[in-house]
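> heads up, no residue letters with this:
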């Protein structure tokens, strides 16, 4: 494969009068995790369905795995795997039978299908449960089986559409580890999720989809710099120290009840040192110092809730 794993330029999709995607541009380098965030109904699943050949785009130059989506969809299907929001596992048959059925669909020989099945069941810690009906599996086990089935065809690009929805925290973290291992093996992952922590934890790059368009795209650190509101909070136990510090630290916000000061800060080491130098000059010490920098929650709400994003920061990310 030459070029990026996924490239979409001018992707458009409407259903009747409803514009779902209005000129989406996305580039996903090979061997990375790309996360698409957005509110419910923003069009994340539509993007996945189009790029995985399940739905036809109205317009756009789309390439997946080096293949033109419109001209050679079969080649695209051969290069990808898809795990949707809802489990593709058949609960009436065993986990092993689900895997062997997928091997048949990929036209593997019985011997090769057995070899691949056994290897993937072991890799995803499902060997002991392999001969049990999949309906008896926990949510985390079903998700692991889902991804194992997706890997039967050895895809180099995997679309994971909200893969951890409904999982408990332990199962979710286990799924994160599986995704990291896939990428370390050279697989490209296109991830949609409603969990901002998940995108922050996993993604090399993140795009936020809102009002049919990409509102912003960048690394997690770049996106966090779009949103103001970072600050240093100093808390004191001595009222006299608190008053001295408040006089010295101009521009701080006071909370007389908790004897705390809040100073605007981007969270950099240089800015933090400047605050501490000004405090040292007063001869007093804070009982507690905390640094708050905007997280992806702040970014998400700012980009999808109508808050203004600084133009300079947006340009830096672009």
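Thanks, I have the structure now. Since the structure is predicted, the reported quantities are computational estimates derived from the model, not experimental observations.

> List the contacts of the closest residue to residue 202 other than its chain neighbours.
Residue nearest to residue 202 in three dimensions, not counting chain neighbours: residue 33, with 5.1 Å by CB to CB, 6 or more residues apart in numbering. (C-beta placed from N, C-alpha, C; glycine too.) Listed by CB atoms under 8 Å, 6 or more residues apart in numbering, the contact set of residue 33 reads 179, 183, 188, 189, 191, 202, 203, 204.

> what's across from residue 33 in the sheet?
residue 189 (DSSP bridges).

> let's number from 866 now, not from 1
Let's use 866 as the start, then, which means that last one is residue 898.

> so who does residue 1141 touch?
With contacts defined as CB under 8 Å, 6+ apart, residue 1141 has no neighbours.

> Would you map out the domains in this protein?
871-954+1002-1089, 1096-1157 (automatic domain parsing).

> mind putting those in a markdown table, mean pLDDT and distance to residue 976 included?
Below are those laid out as a markdown table (pLDDT from 0 to 100; distance: least, CB to CB, whole Å):
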| stretch | mean pLDDT | distance to residue 976 |
| --- | --- | --- |
| domain 871-954+1002-1089 | 92 | 14 |
| domain 1096-1157 | 89 | 57 |
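
> hey, where'd the helices end up in this protein?
Per DSSP state H, the chain carries helices over the ranges 909-916, 938-944, 960-970, 975-988, 1004-1015, 1034-1049, 1061-1067, 1085-1089, 1104-1113, 1134-1145, 1161-1169, 1176-1182.

> Compare those and report which one is nearest to residue 1077.
Closest to residue 1077 of the helices of the chain is helix 909-916 (CB to CB; 10.0 Å).

> Contacts for the closest one, please.
871, 873, 876, 878, 885-886, 889, 891, 901-903, 920-922, 927, 929, 934, 947, 949-950, 1024, 1026-1027, 1055, 1057, 1074.

> So how do I select the buried members of those in ChimeraX?
Entered in ChimeraX, the line below selects the buried ones among these, by 16 or more other CB atoms under 10 Å:
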select :871,873,876,878,885,886,889,891,901,902,903,922,927,929,934,947,949,1024,1026,1027,1055,1057,1074
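
> Tell me which entries of the contacts of helix 909-916 lie within strands.
871, 873, 876, 878, 885-886, 889, 891, 901-902, 927, 929, 947, 1024, 1026, 1055, 1057, 1074 (DSSP state E).

> what's the distance between stretch 912-926 and the middle of its chain?
How far stretch 912-926 lies from its chain's middle: 20 Å, per CA atoms, centre = their mean, to the nearest Å.

> Tell me who's in contact with the residue nearest the centre of the chain.
In the chain, the residue lying closest to the centroid (CA atoms, centre = their mean) is residue 1064, at 2.7 Å. Going by CB under 8 Å, 6+ apart, residue 1064 touches 900, 902, 1056, 1058, 1071, 1085, 1161.
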